[in-house]
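Engineer: whatever this is, show me its structure:
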Amino acid sequence: MRLIRLKAIAWKELIQIFRDPTSLTLAVSIPVLLLILFGYALTLDVDRIPTVVHDLDRTPRSRDLIDQFLRSKYFQLEAVADNYADLQNKIDRGQALMGLVIPANFSRDLEADRETAIQILVDGTDANTATIALGYAQAIVTLYSQEILAHKMNQLGIGSISPPVEPRIRIWFNPDLESKNFIIPGLIAVIMVILATILTSSTIAREWERGTMEQLISTPIRNSELILGKLIPYFGIGMFDLALTVVMGHFLFEVPLRGSGFLLFSLAGLFLLG
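Structural biologist: Here you go, the predicted model:
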């Protein structure tokens with residue numbers, strides 16, 4: 001393999017890239033568009049769940065429970081239903097994902113130390129979202145019940161009872177449990193696969209389309225020199241696109257780069273060459 005021939009092929013391919021604005025535009029725009037499109041479309045986070053409330057009690061107790069839901073980042077008040085049929089209608093039309101029904105005797109039963117119940121309706125069309133929303137709602141109701149129980153115990157002069165085992169949870173690598181922190185890096189890898197496939201296939205197709213492949217074959221250039229010379233410019237474009245998507249992920253989606261950047265680009269370079 002002679003370096004001068006390899007350099008000539010790489011320089012020829014680089015000139016053809018800059019003479020073809022379409023290919024150059026695709027090489028830069030494809031990763032940007034894919035990252036923006038799938039970065040915002042693909043998410044496993046469930047928050048700001050549209051919720052409709054039907055409060056039959058209309059007391060400070062019931063409003064306090066509603067505030068418990070709305071103070072969290074997971075639920076958003078979409079509407080207040082006038083009746084039960086109105087609540088069902090809003091869920092059926094997709095205006096709300098969850099419905100909260102508080103019975104008329106809610107506050108009275110709590111004051112009388114009687115067990116009371118509230119109804120939670122969840123649209124189960126998306127089973128994953130519905131399950132997560134139901135889990136959030138159950139956690140809020142459980143916390144609200146514990147606050148009422150603690151208040152009752154204080155009134156009776158009984159101190160609060162601490163649980164015998166208290167879990168102290170620490171989440172590594174993704175402490176906020178945000179799906180974008182693993183979706184965006186995965187998207188960057190998928191984009192590199194798509195980009196490498198499109199660019200390398202288009203360069204060979206261009207030679208056959210223009211009828212210059214036969215001319216290249218008739219020259220003393222070896223197959224390895226031809227392939228490697230054509231890959232070098234696209235390798236540079238691929239590394240540029242990788243840097244571009246990493247920067248976009250950091251500033252656009254707030255996914256920081258943790259660890260060795262040198263290791264990332266080294267392994268990405270091996271991936272592109274493979």
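Engineer: residue ranges with poor pLDDT in the stretch 151-274 of the chain?
Structural biologist: Low-confidence regions of the stretch 151-274 of the chain, defined by pLDDT under 70, span residues 159-163, 207, 209-211, 213-218.
Engineer: for it, what spans make up the strands?
Structural biologist: Using DSSP state E, counting those that start in this stretch, no strands are found in the stretch 151-274 of the chain.
Engineer: all helices for it, in order.
Structural biologist: 180-210, 213-218, 223-251, 261-273 (DSSP state H, counting those that start in this stretch).
Engineer: tell me the most buried of those?
Structural biologist: By mean neighbour count, with neighbours taken as mean count of other CB atoms under 10 Å, helix 223-251 ranks first of the helices of the stretch 151-274 of the chain at a mean of 18. Every residue, glycine included, has its C-beta placed from N, CA and C.
Engineer: coming back round to it: let me have the helices of the stretch 151-274 of the chain in CSV, adding distance to Ile15 as columns.
Structural biologist: As requested, those are exported to CSV (distance: least, CB to CB, whole Å):
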stretch, distance to Ile15
helix 180-210, 12
helix 213-218, 14
helix 223-251, 9
helix 261-273, 21
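Engineer: out of the ones you listed, which is closest to Met153?
Structural biologist: Nearest of these to Met153, taken as CB to CB: helix 180-210 at 40.6 Å.
Engineer: how distant is that closest one from the center of its chain?
Structural biologist: Offset of helix 180-210 from its chain centre (CA atoms, centre = their mean, to the nearest Å): 21 Å.
Engineer: for the closest residue to Ile66 other than its chain neighbours, phi and psi?
Structural biologist: Counting by CB to CB, 6 or more residues apart in numbering, the nearest residue to Ile66 once its immediate chain neighbours are dropped is Val53, at 5.8 Å. Backbone torsions for Val53, taken as degrees, to the nearest 10, come to phi -120, psi 140.
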